[in-house]
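> this is a predicted model, with the sequence first.
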Amino acid sequence: MTKKKDLIFSLILLAAAIVLVAVLDRTLPQTGIVMTVLKKGCIYSLVAVSMNLLNGFTGLFSLGQAGFMLIGGYTYAILTIPVADRASVYQYFDGGIVQFSIPFWAGLICAGLVSAALAWLIGLPVLRLKSDYLAIATLGFAEIMRAFFQWDTLGPLTNGSNMLRKYPSFSTLMFPFIVAAICIALIVMLINSSFGRAFKAIRDDEVAAEAMGINLAHHKRMSFCISSFFAGVGGALLAMYQTTIQAQAFKSNMTYEILLIVVIGGLGSVTGSVLATFLFYAASEWWLRFLDSPMMIGDWQVPLLRSGFRKVVFSVVIMVIVLFARQGIMGDHEFSLSGLIKLFRRKGKGASANEQV
Amino acid sequence: MAVRYPEQSGAGSLHNKYLTNIRTIPGKYPDFKGLLMDFLSKNLPYFLAGVSVGGQYALIAIGYTMVYGILRLINFAHGDIFMVAGLVTIYASTVMPLYLSIPLTILVTVILGMMIERVAYKPLRNSPRMSVMISAIGVSYLLQNLALYITGGLAQVYPTIPFISNTVTIGSATTKVVTILTPILMIVLVVLLIQLINHTKIGMAMRSVSTDFETSRLMGINVNRVISMTFIIGSFLAAVGSILYFTNYPSVIPTSGGMPGLKAFVAAVFGGIGSIPGAVIGAMLIGIVENLIKGAGWTTFSDAFTFVLLIVVLLFKPTGLFGEAATDKV
């Protein structure tokens, strides 16, 4: 029964969120700070969940997420720039070699597919490595991609180190929200299937999992490809959000930031990753914004406040969370009705126990 | 990135000339010695730059590899410690002469490295490895943002250090003294370090802790002291490396530590993380290859090639060139 109740509870929450998003779309200015936070939150929560699938659920420590986002973003941009605009975008490369364009939804799917295909290729050699070696190899792969996409010889395809622009993008919050929600729902379904259980078994003990008849290579590759698929879609969404895309920006710091979000949310918790993403961007872009401008209290100038101070405070907050809340916000639990009830009951019991003492 | 050596005319021209000039004696094998000499004289500037950059990477890589050997931790903040050392030199040299500011840089960097270990890594000693690594990423994030705040986002001009910035001419190459000095200084420091590790009490303790953390503690070794010492040595070498490295560049920005840090880390993995000679050899190889690629006109790929090399090596030796083979205990 609790499972059914939880499902209904989640659906109600989702419906409420859709209504809220629709209302916000009508009321808030589209370029305002709240919208920025919410849009970034939607896009990065998808990427964070995809990274969690790999790092938190399968136990593969991969740092290639920025690379797959790059591939997704570029695939989307290259395939969807309208034919009429190609001459101006690829002005140094005679209009480029791609002389067709596909609708945005097909572009999103292609972004995922190309990412996943490359993940399959790179996974063949790389997935044989373990822990830190896997991490550095995937990080290296992302850096290789970054250089590759800026290569002049590939200019007719990727526009070299110039940016790609004029592809279809979105203006409402509803679009990234719906895409991210569908993708995250798919990931949750995967995690709850027998594949998801196999992934968790691999994470907990590879040798035991293999002994239980789980094909390690096959499942690792699958997790890697699926994670990259959604990272690619996330990259495409990011490209849409920014309206321009340049390979230069997809540095390893981007991957570190996403990893930070995943760990703050809790490794192995989808809802944790989503929550953490929104908190991360709300805190860094919105709540701490006042720290960046000088402030006067009466005649007294508050010291230290100037451009950049927000980021310093924010990183101190991150450090405190990392040091004192090691399990992250959610640990490896999920946010659900039964979880909430349990939490309240436990608190109630704890309180009554305290009273007795 | 700053251009350190005059670019040759036309990308790839050197490479092509070399290919078309293959000197063969009819009916015999190619004249390998002649070819080699040709190759060397044409690529000498790049080769020298490579040896120098390799030496600088080696100094950073030792910090990575030693910390990994003892804590099994990728110290992501190490590259940023290196960047902070650069900034400290800049700020210190504006108020005091260089003979004071350089020792001060080294001192501040060593204290910073020790403090980071105390505050960010020590409380997590019994936590899963992932938590410590995240803490390292957090420290790196903090240092970069702090540097951004203090510098106000402006590139800070690196002071010209006399003597090591002077130019010298070797064969067909004109370069700075630092290019020659780096590998020599690096080798001296590495030899000293190996002596320290092999022949002193603290070195023995370090070897012991890196073999077995728990048992060392039971044997009465003060593990925390050993770890502090590791960070002191790592930060010291990073500070020396930063002085040598940034002399070749006009300025320091908050992300200056990123790429050299990453390259040095790759060098450490390449040589087999945990092994000091491995880190040195890995760093030299990466430095040289990277610069020869620049010499061949493939500057876009000089960074990427480092990683290609890494992936290829890991395919054949999954734990690096000199790494211990991992054994799975069931």
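Sure, I can see it.

> which positions within stretch A:179-188 qualify as buried?
Using 16 or more other Cβ atoms under 10 Å in any protein chain shown as the test for burial, stretch A:179-188 gives A:179-181, A:183-184, A:187-188. Yep, even glycine has a C-beta here, placed from its N, CA and C like the rest.

> need the contact partners of it.
A:14, A:17, A:42-43, A:45-46, A:49-50, A:53, A:108, A:226, A:230, A:233-234, A:237, A:270, A:274 (Cβ atoms under 8 Å, 6 or more residues apart in numbering or on different chains).

> make it 10 Å
A:10, A:14, A:17-18, A:21, A:39, A:41-50, A:52-53, A:57, A:105, A:108, A:112, A:170, A:196, A:226-227, A:229-230, A:233-234, A:236-237, A:240, A:270-271, A:273-274, A:277, A:334 (Cβ atoms under 10 Å, 6 or more residues apart in numbering or on different chains).

> which residues sit in contact with the residue in the stretch 151-300 of chain B that chain A sits nearest to?
Closest residue of the stretch 151-300 of chain B to chain A, Cβ to the nearest Cβ: B:Val269 (5.1 Å). B:Val269 makes contact with A:132-133, A:135-137, A:140, B:61, B:64-65, B:68, B:74, B:278-279, B:282, B:310, B:313-314, B:319-321, B:323 under the criterion Cβ under 10 Å, 6+ apart.

> what sits against the closest residue to chain B within chain A?
As assessed by Cβ to the nearest Cβ, chain B sits closest to A:Gly140 within chain A, at 3.0 Å. Neighbouring residues of A:Gly140 by Cβ under 10 Å, 6+ apart: A:63-64, A:67, A:126, A:252, B:262, B:266, B:269, B:303-304, B:306-311, B:314.

> tell me which element B:Val132 is part of?
helix B:129-151 (DSSP states H and E).

> repeat for B:Leu48
Going by DSSP H and E, B:Leu48 is in helix B:32-71.

> close to chain A, is that helix?
Yes - contact of helix B:32-71 with chain A (Cβ under 10 Å from any Cβ of the partner chain) involves B:Tyr68.

> show me the shaky parts of chain B.
B:1-30, B:325-330 (pLDDT under 70).

> B:Ile281 is in contact with B:Met186, isn't it?
No - taking Cβ atoms under 10 Å as the definition, B:Ile281 is not a contact partner of B:Met186, at 11.9 Å.

> who has more neighbours, the two?
The neighbour comparison of B:Ile281 against B:Met186 (other Cβ atoms under 10 Å in any protein chain shown) goes to B:Met186, with 26 against 20.

> against B:Leu262, how distant is the nearest residue to that one once chain neighbours are set aside?
Of all residues not flanking B:Met186 in the chain, B:Gly55 sits nearest, at 3.9 Å (Cβ to Cβ, 6 or more residues apart in numbering or on different chains). Distance of B:Gly55 to B:Leu262, computed by Cβ to Cβ, to the nearest Å: 17 Å.

> can you pull out the strands in the stretch 101-250 of chain A?
In the stretch 101-250 of chain A, the strands defined using DSSP state E, counting those that start in this stretch lie at A:164-165, A:244-245.

> what's the first one packed up against?
Think strand A:164-165. Here strand A:164-165 touches helix A:65-80, helix A:83-89, helix A:216-242, strand A:244-245, going by 3 or more Cβ pairs under 10 Å, 6 or more residues apart in numbering or on different chains; DSSP states H and E.

> in its sheet, which strands sit next to that strand, and in what direction?
Applying DSSP bridges, strand A:164-165 is found paired with strand A:244-245 (antiparallel).

> and the partner strand, how far from the chain's centre?
The chain centre lies 18 Å from the centre of strand A:244-245; the measure is Cα atoms, centre = their mean, to the nearest Å.

> show me what contacts the residue nearest to B:Met186?
B:178-179, B:181-187, B:189-190, B:241, B:244-245, B:280, B:283-284, B:287.

> list the ones among these that fall in helices.
B:178-179, B:181-187, B:189-190, B:241, B:244-245, B:280, B:283-284, B:287 (DSSP state H).

> which of those are buried?
For the ones in helices among the contacts of B:Gly55, buried by 16+ other Cβ under 10 Å: B:178-179, B:181-183, B:185-186, B:189-190, B:241, B:244-245, B:280, B:283-284, B:287.

> centre-most residue in the chain?
Using chain A. A:Val47 (1.8 Å; Cα atoms, centre = their mean).

> actually it's chain B I care about, not the one you picked
Note: chain B centre (Cα atoms, centre = their mean) maps to B:Tyr57, 2.0 Å.

> quick check: closest non-adjacent residue to that residue.
B:Ala283 (3.8 Å).

> go ahead and confirm the one you found touches B:Thr182.
No - counting by Cβ under 10 Å, B:Ala283 does not reach B:Thr182; the two are 11.1 Å apart.

> can you tell me the element the closest residue to chain A within chain B falls in?
Nearest residue of chain B to chain A: B:Phe307, at 3.0 Å (Cβ to the nearest Cβ). According to DSSP H and E, B:Phe307 maps onto helix B:302-316.

> how much does that helix deviate in direction from helix B:32-71?
If you take axes from the mean of the first three to the mean of the last three Cα atoms, to 10 degrees, helix B:302-316 sits at 70 degrees to helix B:32-71.

> buried residues in helix B:302-316?
B:302-311, B:313-314.

> gap between that helix and the chain center?
Worked out by Cα atoms, centre = their mean, helix B:302-316 lies 16 Å from the chain centre.

> against which helices or strands is that helix packed?
Partner elements for helix B:302-316 (3+ Cβ pairs under 10 Å, 6+ apart): helix A:104-126, helix A:131-149, helix B:258-270, helix B:276-295.

> turn those into TSV, including distance to A:Ala77.
Compiled in TSV, these are given as follows (distance: least, Cβ to Cβ, whole Å):
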stretch	distance to A:Ala77
helix A:104-126	8
helix A:131-149	11
helix B:258-270	26
helix B:276-295	29
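
> of the ones you listed, which is nearest B:Met204?
helix B:276-295 (15.1 Å; Cβ to Cβ).

> hang on, the earlier thing: show me what contacts the residue nearest to the centre of chain A?
So A:Val47 contacts A:65-66, A:68-69, A:72, A:180, A:183, A:227, A:230-235, A:237-238, A:254-255, A:257-258, A:261-262, A:273, A:277 (Cβ under 10 Å, 6+ apart).

> how close does it get to A:Phe68?
9 Å.

> just B:Ser127 next, same as before
Applying Cβ to Cβ to B:Ser127 and A:Phe68 gives a distance of 29 Å.

> with A:Val274 instead?
Taken as Cβ to Cβ, the span from A:Val274 to A:Phe68 is 19 Å.

> looking at those two, which is more packed in?
Neighbours were counted for A:Val274 and for A:Phe68 using other Cβ under 10 Å; A:Phe68 has more, 37 against 25.

> got a list of what the more buried one touches?
A:47, A:50-51, A:62, A:111-112, A:114-116, A:118-119, A:122, A:138, A:141-142, A:145, A:224, A:227-235, A:250, A:255.

> if you average pLDDT over each of the strands of the stretch 101-250 of chain A, which is lowest?
If you rank these by mean pLDDT, strand A:164-165 sits at the bottom with a mean of 89.

> contacts for it, please.
By Cβ under 10 Å, 6+ apart, strand A:164-165 touches A:73-74, A:76-78, A:80-81, A:85, A:88-90, A:96, A:149, A:158-159, A:239, A:242-247.

> now the buried members of those.
A:73-74, A:76-78, A:80-81, A:89-90, A:96, A:149, A:158-159, A:239, A:245-247.

> what's the neighbour count on B:Ile150?
15.

> tell me which element the nearest residue to it once chain neighbours are set aside is part of?
Closest residue to B:Ile150 apart from its sequence neighbours, by Cβ to Cβ, 6+ apart: B:Leu87 at 7.4 Å. Assessed by DSSP H and E, B:Leu87 sits inside helix B:78-95.
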